[in-house]
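**Student:** Fold the following and give me the result.
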Amino acid sequence: MVDFWWDRWLFDEPLAMYLGMEQLTHFLVAEFYEGDAWNEDKLLRWVPNHVVRAIEEVYFHSSVKDEFVWLSSNSGSFTITSIWECIRHRRNVSVVDSLLWSSTLPLKLSFLAWRAIRNYLLVDANLQRRGVCLPSKCYCCCNAEETVLHLFLSGPVIVEVWSHFANKFGVSMDGCGSLSSVFLTWLHSTPLASKNHIRVFFPIVICWCLWLERNDTQFRGVPCESGRVIRQVDQFMELLGTLRMLKAQHFKGDRDYVLFQFATMLAKKVQHVAIAWGKPPLGHVKLNSDASVCQERASGGSLERGVQPSQVEVDSRVLVSLLLSREVAKWPLCTVLKKIRRLLMYFSTSVVHIFREANSVADRLAVLYLRSDRIFETILDLPPAVTGAMVLDARSVPFVRTIVDNI
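**Tutor:** Model (predicted):
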């Protein structure tokens, strides 16, 4: 029951909008299909010739049930996640927030830093704003009201802690008036720093140790000392190293820091494998296909060794996965996939993935960048580069592929 004019079944917009037509006779798509083919004469009475050519490329069968394709989902299927992404008002991504969450640090540290930045911690000043009547003082210095900013940034003991680690890394914290500015200052203190960098981890760990020191001072009566906080920070970072959580890539530009001795070097296993195109079994033929995109131009090439392929080889693992899955896929890719699947079924052909080195002939055809479609009927018509690759394939000459695996 697909409307010919107002449903999106051919182009990215309904045919009525595509052709700029308003007063139209209601038709279903099925009314233009008779037997096993499109009624070209009837189509030409209502749409231009180029639209008819596009319609004739659409696979249609009266016994196949129509499917809805959900445009907001990559799979083409309706999901709650996709509808939520459509209706939500997405805010700009906060750089500071993105720095707080790392698989290297325990989540409790990230949550504390996130709450501290938003002034959500239950320090005395925040409790007073919530209607709790109590006197407020900083238990670390006893000279100021306990606020998040004083507790994590401006208190005399806190300043000593920040200065100690800032001097080690050569970070200038002059002008830092908020916790957000502290995180950004440490991030931009070196051009090599990123989300998973030691200079991003340290401010989070320092905030955590300052919070522990504040709780020990307030609830256990332990005198607040900057030296103890510094030792706690160093011990925590050493513990991460002992647990093999610190990696060498976390220390880009800071490999002279003492903690680098605990960093785990990323081990890699390098293999050199001989890859060659394999001849099909006797009585079978192969179709090798490849595509290329360069300088905003897309082109493709394929080589059929035989008359009717019994196996198709491509070097795109993603394409093979899509074809073998039952996913509808996003519009208009779903139409292309449906057509390819129909051809594979019609020829009783399988599609498999091969490495690029074993697909060299199709690869060389794809990068020819011809101005129009061209069929090479004989080997003599092929360019020399393609012919040479075919000779190597025929003699089963292998190419070397380097495979790098992380251990």
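**Student:** host element of the closest residue in space to Leu382 that isn't next to it in sequence?
**Tutor:** If the residues on either side of it in the chain are set aside, Leu382 comes closest to Phe376, at 5.2 Å by C-beta to C-beta, 6 or more residues apart in numbering. Quick note: C-beta positions are derived from backbone N, CA and C, even for glycine. Secondary structure assignment for Phe376, by DSSP states H and E: no helix or strand.
**Student:** Number the residues from 45 up from this point.
**Tutor:** Okay, using 45 as the starting number, the last item reads as Phe420.
**Student:** Could you count how many residues lie near Phe420?
**Tutor:** The criterion is other C-beta atoms under 10 Å. On that basis, Phe420 has 13 neighbouring residues.
**Student:** Please apply the same query to Leu115.
**Tutor:** Using other C-beta under 10 Å, Leu115 has 12 neighbouring residues.
**Student:** Pro376 is in contact with that one, correct?
**Tutor:** No - taking contact to mean C-beta atoms under 8 Å, the distance of 10.1 Å between Leu115 and Pro376 leaves them out of contact.
**Student:** tell me the mean pLDDT for stretch 124-143?
**Tutor:** Averaged over stretch 124-143, pLDDT sits at 85.
**Student:** and the end-to-end length of that stretch?
**Tutor:** Between the start and the finish of stretch 124-143 there is a gap of 28 Å, counting by C-alpha to C-alpha, to the nearest Å.
**Student:** What's the biggest helix in this structure, counting residues?
**Tutor:** Looking only at the chain and at elements set by DSSP state H, the helix with the highest residue count is helix 242-264.
**Student:** Centre-most residue in this protein?
**Tutor:** The residue lying closest to the centre of the chain (C-alpha atoms, centre = their mean) is Asn118, at 12.8 Å.
**Student:** How about it: what's its closest non-neighbour residue?
**Tutor:** When the adjacent residues along the chain are set aside, Asn118 lies closest to Lys374, with 5.3 Å between them (C-beta to C-beta, 6+ apart).
**Student:** Equivalent analysis for Phe443, please.
**Tutor:** Leaving aside its sequence neighbours, Phe443 sits nearest to Glu401 (C-beta to C-beta, 6+ apart; 3.7 Å).
**Student:** domain ranges for this structure?
**Tutor:** The record's domain split for the chain, according to automatic domain parsing, is 59-110, 145-306, 317-359+398-450.
**Student:** Tell me which of the ones you listed sits nearest to Leu381.
**Tutor:** When the domains of the chain are ranked by distance to Leu381, counting by C-beta to C-beta, first place goes to domain 59-110 at 10.5 Å.
**Student:** where's the residue nearest to Asn118, which helix or strand?
**Tutor:** Under the criterion DSSP H and E, no helix or strand holds Lys374.
**Student:** what's the spacing between Ser207 and Val273?
**Tutor:** Between Ser207 and Val273 the distance, using C-beta to C-beta, to the nearest Å, works out to 12 Å.
**Student:** out of the two, which sits in the more crowded spot?
**Tutor:** Shown here are Ser207 and Val273; by other C-beta under 10 Å, Val273 has more neighbours (22 against 13).
**Student:** Just say helix, strand or coil for the residue nearest to the centre of the chain.
**Tutor:** Secondary structure, DSSP: H, G, I helix; E, B strand; the rest coil: Asn118 is coil.
**Student:** Hmm, it is touching Val372, no?
**Tutor:** No - contact status for Asn118 versus Val372: not in contact, 10.2 Å apart, counting by C-beta under 8 Å.
**Student:** quick check: angle from the strand or helix carrying Val277 to helix 242-264?
**Tutor:** Element membership of Val277 [criterion: DSSP H and E] is helix 270-286. With axes from the mean of the first three to the mean of the last three C-alpha atoms, to 10 degrees as the basis, helix 270-286 and helix 242-264 are set at 130 degrees to each other.
**Student:** Any chance you could list what contacts helix 270-286?
**Tutor:** Contacts of helix 270-286 with the rest of the structure, by C-beta atoms under 8 Å, 6 or more residues apart in numbering, involve 148-149, 201-202, 204-205, 208-209, 245-246, 249-250, 252-254, 256-257, 290, 303, 305-307.
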